[in-house]
Structures are given as structure tokens and as C-alpha cells.
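Asker: My questions concern the predicted model and sequence given below.
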Amino acid sequence: MLPPEFKKGTIRYVPEESKDKTISDEDVLETLLKLFKALFINDFNRQMDFFSLLPEVKSKYLELLTVQLKKSKTIGYNHQSQNTFNPEEVLFNTLGFSITRDRSSLISAGTGVFVTNGFVPKGTVVSMYPGTVYQKYEPIFFQSIGNPFIFRCIDGVFIDGNDKGISKAVYRSCSKRDQLGPFQMSDISWLTPTVQNPLAVGQYVNNCSHNKAANICYQEFDVPEYFPIELKQYLPNITYSYDIPTPLRCVVLVTLRDIEQGEELFSNYYTIVN
């Protein structure tokens with residue numbers, strides 16, 4: 001039985017005995033690292049301060065820096081004048097598709113998420129569910145009131161993907177707490193209309209209907225301790241507290257079939273309505 005504070009709203013519930021992995025954690029990690037590295041490189045100028053603060057990161061990217069400088073000299077411009085792509089373009093150039101938020105094709109459903117360019121094969125990480133991560137013993141009562149973006153993981157962990165009100169304030173506060181000097185250890189841009197991590201729009205994926213079958217599923221993913229520190233700025237999740245050290249929980253959306261350009265993403269979650 002769910003606790004009384006969750007009698008209202010839309011909550012995904014998966015029974016303990018259900019298996020909820022469609023691709024391996026290794027595949028999820030590989031996809032996230034591939035995209036995040038591309039975003040990091042695309043925003044190269046801003047990362048120079050990061051290199052100054054963490055020399056070991058600069059060393060790791062030294063070969064990449066050399067390649068970038070050679071390319072710049074060959075085509076006659078330097079990094080200071082180099083044009084960058086927007087995040088959706090980086091996503092398309094890296095994974096072969098892009099997604100965006102737009103008005104849903106479902107009547108009265110509000111905002112939805114669409115594949116705007118390219119093709120998404122079955123078994124692909126196509127989005128992420130952003131938000132503050134709460135262990136099942138942590139307080140989330142006030143955040144949950146009238147909040148349709150509460151996501152319940154199999155083990156009782158909750159993710160609050162609301163980008164407004166108290167939920168937004170809590171996420172910003174936790175993000176400031178975890179800053180490393182001037183550098184973000186999580187992504188706060190998902191709270192804005194312009195996202196830094198183009199995958200971080202998964203809370204707006206609508207539930208399927210009789211006419212619109214689910215084409216994605218949710219999959220929990222715990223970020224390993226060895227995740228590169230310079231790439232944490234693209235993780236759209238953060239823990240509420242550090243009472244008991246646990247891996248950062250993320251939720252990714254994985255395609256159940258091939259998805260073509262122009263299609264809307266639909267999930268299949270259990271809704272509890274009081």
C-alpha cells in the first residue's frame with residue numbers, strides 16, 4: 001500500500017516481482033557517456049575553467065584537445081570563434097535522433113515529447129526522467145500535493161520531476177549544496193525551457209491510450225561511483241539528502257520498438273487517482 005501522502009497525483013508503480021530492465025546497465029552507461037562527452041566537447045570554451053581546477057581532467061582530454069586544435073588550424077579558425085551546436089543538434093549528431101517537447105497529439109494531454117529528427121532503433125535510451133531523488137523514508141509530502149510528476153521506482157525510491165513551485169526550489173537548493181566550487185555536479189537547466197541535456201524531458205512523456213500504444217518503457221539506472229566528474233553537470237538528477245550514502249538514481253526511457261521521425265513518445269504507467 002502506498003503511504004497516505006501519495007493518494008493524489010499520478011504515480012508509476014511496479015510490483016516488486018516485476019522485472020524492469022530491457023537493456024543492460026552497461027548499454028545505458030555507454031549511451032549517456034557518449035552523449036555527455038559530445039556535449040562537453042561542444043561547449044569546449046566554458047570547460048577551460050574546469051581544466052584549470054582539475055588538472056587530471058585536462059590530462060584525460062589532452063589528446064582530444066590536440067585533435068581539436070589541429071582541426072581548427074586546418075580550416076582557419078580557433079576555439080574562441082568556433083560555432084557550437086545547440087543541444088538537440090548534438091543529440092542528433094551523436095545518437096542519430098533528436099527529441100523535443102511540444103503539444104501532445106492526445107486531446108487534453110497538454111505537453112508531450114516527440115522525435116523531431118532521425119530514427120530511434122528499438123532498445124535505445126531515448127530520454128531521461130529528471131528530478132530530485134527521495135529515498136522512501138525521506139519527506140516528500142508537500143512536494144507531492146497536486147504534483148503529477150512523482151515517479152515511483154521499483155524499490156520505493158521516488159523522483160520528483162516537477163519543474164515548478166516547491167519542487168523546483170528543492171532541486172535548486174540541493175544542486176547548490178553539491179556544487180564543486182563554481183561547477184555544477186548536476187544539471188539544473190531541465191527546470192528551464194532550454195535544456196542543456198537534450199534527453200532531460202522524460203517527465204513530459206504521456207501515458208498511452210487505446211489508440212496510442214506505448215513505445216517506450218522506464219528503466220532504473222544507478223550512476224556508478226566512477227562516473228566522470230566533468231560529465232556530472234549533465235545528470236538531471238540529484239539526491240535529497242546524504243543521510244545514507246547511496247548511488248545516484250536515474251531513470252531512463254528505453255524504446256520498445258523502432259520509432260520514426262515525427263512520432264510522439266508514449267509510456268505505460270499505473271495511475272492512482274483519488
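Answerer: Yep, it's here. Numbering: from 1, shown residues only.
Asker: Would you mind listing the buried residues in stretch 175-194?
Answerer: Of the residues in stretch 175-194, 175, 184, 186-191 count as buried by neighbour count, 16 or more other Cβ atoms under 10 Å. Backbone N, C-alpha and C define where each C-beta goes, glycine included.
Asker: Mind checking which of the residues you listed are in strands?
Answerer: Assigned to strands by DSSP state E, none of the buried residues of stretch 175-194 qualify.
Asker: Specify which member of these is nearest to residue 34.
Answerer: Set against residue 34, the nearest of the buried residues of stretch 175-194 by Cβ to Cβ is residue 187 (16.5 Å).
Asker: Next one: that closest one from residue 200, what distance?
Answerer: Distance of residue 187 to residue 200, computed by Cβ to Cβ, to the nearest Å: 6 Å.
Asker: Please identify every residue contacting each of these two.
Answerer: Residues touching both residue 187 and residue 200 (Cβ atoms under 8 Å, 6 or more residues apart in numbering): 130, 236.
Asker: Same list (the buried residues of stretch 175-194) but as TSV, adding pLDDT.
Answerer: Formatted as TSV, these follow (pLDDT from 0 to 100):
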residue	pLDDT
175	95
184	88
186	96
187	97
188	97
189	97
190	97
191	97
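Asker: Just those residues: which are in helices?
Answerer: Within the buried residues of stretch 175-194, residues falling in helices by DSSP state H are residue 175.
Asker: ranges for the helices of the stretch 51-200 of the chain?
Answerer: For the stretch 51-200 of the chain, the helices defined by DSSP state H, counting those that start in this stretch cover 55-60, 62-75, 87-95, 141-144, 165-177.
Asker: Now the weakest link among these, please, by mean pLDDT.
Answerer: Lowest mean pLDDT within these: helix 62-75, at a mean of 60.
Asker: If you rank every helix and strand of the protein by mean pLDDT, what lands last?
Answerer: Least confident helix or strand, the chain: helix 62-75 with a mean of 60, by mean pLDDT, DSSP states H and E.
Asker: can you count the residues close to the closest residue to residue 142 other than its chain neighbours?
Answerer: Once flanking residues are discounted, residue 142 sits nearest to residue 166: 5.9 Å by Cβ to Cβ, 6 or more residues apart in numbering. For residue 166, the neighbour count with other Cβ atoms under 10 Å is 14.
Asker: swap in residue 210?
Answerer: Quick note: residue 210 (other Cβ under 10 Å) scores 5 neighbours.
Asker: What of residue 55?
Answerer: When neighbours are counted by other Cβ under 10 Å, residue 55 comes out with 9.
Asker: Great, nothing more from me.
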